[in-house]
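**Student:** Predicted model follows, preceded by the sequence.
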Amino acid sequence: MASFFSEIGRNRLKSILLMAVFSLFFMGIIYLLVWYLGAGLLGLAIGAILVAAYALLSYHFGSRFVLRMSGAKPADRKQYPFLFDTVEGLASASQVPVPAIYVINDPSPNAFATGNSKRHASIAVTTGLLQMMDKEELQGVVAHEMSHIGNNDIQFMLMAVVFAGVIGIAAAFLRGMFWFGGRGRNGGIIALVALAIGLLAPLFAMLLRLAISRRREYMADANGGRLTRDPKSLADALKKIKNYAVSPKTSPVAHANEMTASLYFANPFKAQSLMNLFSTHPPIDDRIARLEKMY
């Protein structure tokens with residue numbers, strides 16, 4: 001039987017290592033771009049200011065944009081009393097402020113957490129999740145999302161998205177260097193290197209971001225099971241979602257897109273990726289198996 005704390009600790013370490021690789025890769029791309037442009041320390045400082053401004057805007061307005069884009073509406077306590085009781089109880093157990101509660105009118109069973117801090121967090125659940133899950137299973141899903149808040153996953157994933165976005169912009173400049181050629185005697189070689197990095201950097205950045213996302217899902221599963229002391233119900237919720245996803249009559253979450261997909265409790269798209277490397281979530285069977293080892 002796997003320990004809750006050993007599973008959480010193992011996944012946290014892997015997430016930190018992945019983020020460290022992401023940061024080093026990010027710094028290398030920015031340094032290469034500044035070096036090629038010959039901008040020196042001034043160019044590096046301007047680049048840092050632009051990146052900081054981009055990150056600040058994403059930090060303050062990103063969660064509102066996600067909620068609006070997802071069609072989330074503030075939940076009514078009179079209509080969903082058990083949902084409010086569950087969120088408030090798990091917030092107390094997690095020792096975090098009670099997040100704002102939203103409901104998405106969508107038959108697909110799913111949920112996500114968003115926000116820029118523990119004090120300014122939100123949890124959104126679909127009507128399909130509320131209808132499909134029993135009380136224990138709903139508690140398991142909410143505990144998973146509460147774990148994302150308690151583990152600072154919201155800020156963690158935000159930084160991954162920011163890094164990926166900046167790397168994409170820098171890669172576009174590097175690709176442009178190929179078309180305009182390099183400087184000096186070795187300009188052609190430099191241009192070819194710039195093209196290779198410009199093409200591969202966004203792919204590598206995306207793979208790192210998705211790997212971080214999958215690792216945080218494992219950690220939230222483990223911590224969600226710890227919070228409720230009932231990993232079986234969380235596993236049962238995943239089984240219901242799996243059965244729903246393979247049914248030919250079901251549809252993906254209507255308002256989900258590539259930008260918000262990694263936030264959801266389970267993959268919001270009906271079609272699954274052919275390669276786990278390109279998936280926002282770990283294989284659902286693997287998540288179930290890990291939870292089953294905890295009880």
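**Tutor:** Looks like it arrived, so ask away. The shown structure was predicted, so the numbers you read here are calculated from the model rather than taken from an experiment.
**Student:** low pLDDT regions in the stretch 51-200 of the chain?
**Tutor:** Low-confidence segments of the stretch 51-200 of the chain (pLDDT under 70): 51-52, 54-55, 58-59, 158-171, 173-200.
**Student:** at 90 what do you get?
**Tutor:** Scanning the stretch 51-200 of the chain for pLDDT under 90 picks out 51-66, 69, 94, 114-120, 150-200.
**Student:** For it, which segments count as strands?
**Tutor:** Under the criterion DSSP state E, counting those that start in this stretch, strands of the stretch 51-200 of the chain are mapped to 72-74, 100-104, 111-115, 121-126.
**Student:** Buried residues in the third one, which are they?
**Tutor:** It refers to strand 111-115. Across strand 111-115, burial judged by 16 or more other C-beta atoms under 10 Å covers 111, 112, 113, 114, 115. Quick note: C-beta positions are derived from backbone N, CA and C, even for glycine.
**Student:** tell me what it is packed against?
**Tutor:** In terms of contacts (3 or more C-beta pairs under 8 Å, 6 or more residues apart in numbering; DSSP states H and E), strand 111-115 is packed against helix 40-69, strand 121-126, helix 135-150, helix 153-180.
**Student:** list the contacts for the residue nearest to residue 150 when sequence neighbours are not counted?
**Tutor:** Closest residue to residue 150 apart from its sequence neighbours, by C-beta to C-beta, 6 or more residues apart in numbering: residue 94 at 4.4 Å. When contacts are counted by C-beta atoms under 8 Å, 6 or more residues apart in numbering, residue 94 touches 146, 147, 149, 150, 227.
**Student:** burial of the closest residue to the last one other than its chain neighbours, as a residue count?
**Tutor:** In other words, residue 227. Once flanking residues are discounted, residue 227 sits nearest to residue 143: 4.3 Å by C-beta to C-beta, 6+ apart. The number of residues packed near residue 143 is 29, by other C-beta atoms under 10 Å.
**Student:** so residue 143 makes contact with residue 90?
**Tutor:** Yes: here residue 143 reaches residue 90: they are 5.4 Å apart, a contact under C-beta atoms under 8 Å.
**Student:** any common contacting residues for the two?
**Tutor:** With C-beta under 8 Å, 6+ apart as the test, residue 143 and residue 90 both reach 227, 228.
**Student:** gap between the residue nearest to residue 150 and residue 154?
**Tutor:** Separation of residue 94 from residue 154 (C-beta to C-beta, to the nearest Å): 13 Å.
**Student:** again with residue 269
**Tutor:** Separation of residue 269 from residue 154 (C-beta to C-beta): 21 Å.
**Student:** for residue 97, same thing?
**Tutor:** Distance of residue 97 to residue 154, computed by C-beta to C-beta: 13 Å.
**Student:** More neighbours: the two, which one.
**Tutor:** Remark: of residue 97 and residue 154, residue 154 carries more neighbours, 24 against 14, as counted by other C-beta under 10 Å.
**Student:** residues touching that one, list them.
**Tutor:** 63, 113, 114, 115, 116, 117, 121, 148.
**Student:** can you check residue 260 too?
**Tutor:** Listed by C-beta under 8 Å, 6+ apart, the contact set of residue 260 reads 66, 69, 70, 112, 268.
**Student:** The first one against residue 116, yeah?
**Tutor:** No: Residue 66 lies out of contact with residue 116 (C-beta under 8 Å); the separation is 10.8 Å.
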